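# Take a look and give me a structure for this.
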Amino acid sequence: RAGRRPATGTMKYERRYCHPMKFPDLLEWLNKGAARQEGKIYLVGGCVRDGLLGRPLVDVDLAVEGDARAYAHTIASTLDGTYVPLGERHGVARVVLSEKAQGVQQVDCATIEGNIFDDLARRDFTVDAMAVDVASFNGNWSQATILDPHNGRRDLAAGTLRMVGPQVLDVAGNAMNQNG
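Numbers count the residues shown, from 1 in each chain. Sure thing, here's the model as predicted:
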């Protein structure tokens, strides 16, 4: 009957997830959306690191000039994903696209505080402090113009894990580590 609880005693709920999206398709959509977005959008962090290593991208990290939460809402509504606020104070949100094993499962959007180089300087490790402008990226990592002010590519090639700087140890002051 309608309105009855399942026999297990748990309530059923419905969540929205779109079909799995491959990174090239997401990149094409981001490029179209970036043209409508005020300011630039960058692929950053582990997304760039994993792309350079040839790993499949499951989590995509974006740094957004402008309102990243609004951009995440746009992604969620357009791609039928689920919007999840992560850090209202710092303009951070996640869009869950799929829980399936193939394709991009989530997109994290963070508002750039200052400029992209300021944003990269606040990241934890050099291999995660690289960025690629979405508008100029064609999906080929070997041809990508990578912003790498902390020599993350060199450390990645050498297998070195190095902090960007001592400020990353200041968890209380590090906006990248706060969800509040």
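# CA only for contacts and neighbour counts going forward, please
Fine.
# And the helices in the chain?
With DSSP state H as the criterion, the chain has helices at 23-36, 46-52, 68-78, 116-121, 152-158.
# Can you tell me which of these is nearest to residue 167?
The minimum distance between residue 167 and the helices of the chain falls on helix 116-121, with 9.0 Å, by Cα to Cα.
# hang on, the earlier thing: in terms of mean pLDDT, which of the helices of the chain ranks lowest?
Mean pLDDT values for the helices of the chain show the minimum at helix 23-36, a mean of 74.
# Which residues does it contact?
Residues from elsewhere that reach helix 23-36 (Cα atoms under 8 Å, 6 or more residues apart in numbering): 40, 41, 57, 103, 104, 134, 135, 139.
# Tell me what angle that helix forms with helix 68-78.
Orientation of helix 23-36 against helix 68-78 (axes from the mean of the first three to the mean of the last three Cα atoms, to 10 degrees) gives an angle of 120 degrees.
# what comes up buried for helix 23-36?
Neighbour counts over helix 23-36 (16 or more other Cα atoms under 10 Å) mark 23, 26, 27, 28, 30, 31, 34 as buried.
# What pLDDT is listed against the nearest residue to residue 52 once chain neighbours are set aside?
Closest residue to residue 52 apart from its sequence neighbours, by Cα to Cα, 6 or more residues apart in numbering: residue 141 at 5.9 Å. Residue 141 is assigned a predicted lDDT (pLDDT) of 89.
# Same question for the one 10 residues further on.
Here the pLDDT value assigned to residue 151 is 97.
# tell me, how many neighbours does the residue nearest to it when sequence neighbours are not counted end up with?
Leaving out its chain neighbours, the residue that sits closest to residue 151 by Cα to Cα, 6+ apart is residue 126, at 6.5 Å. Around residue 126 there are 26 other residues, counting by other Cα atoms under 10 Å.
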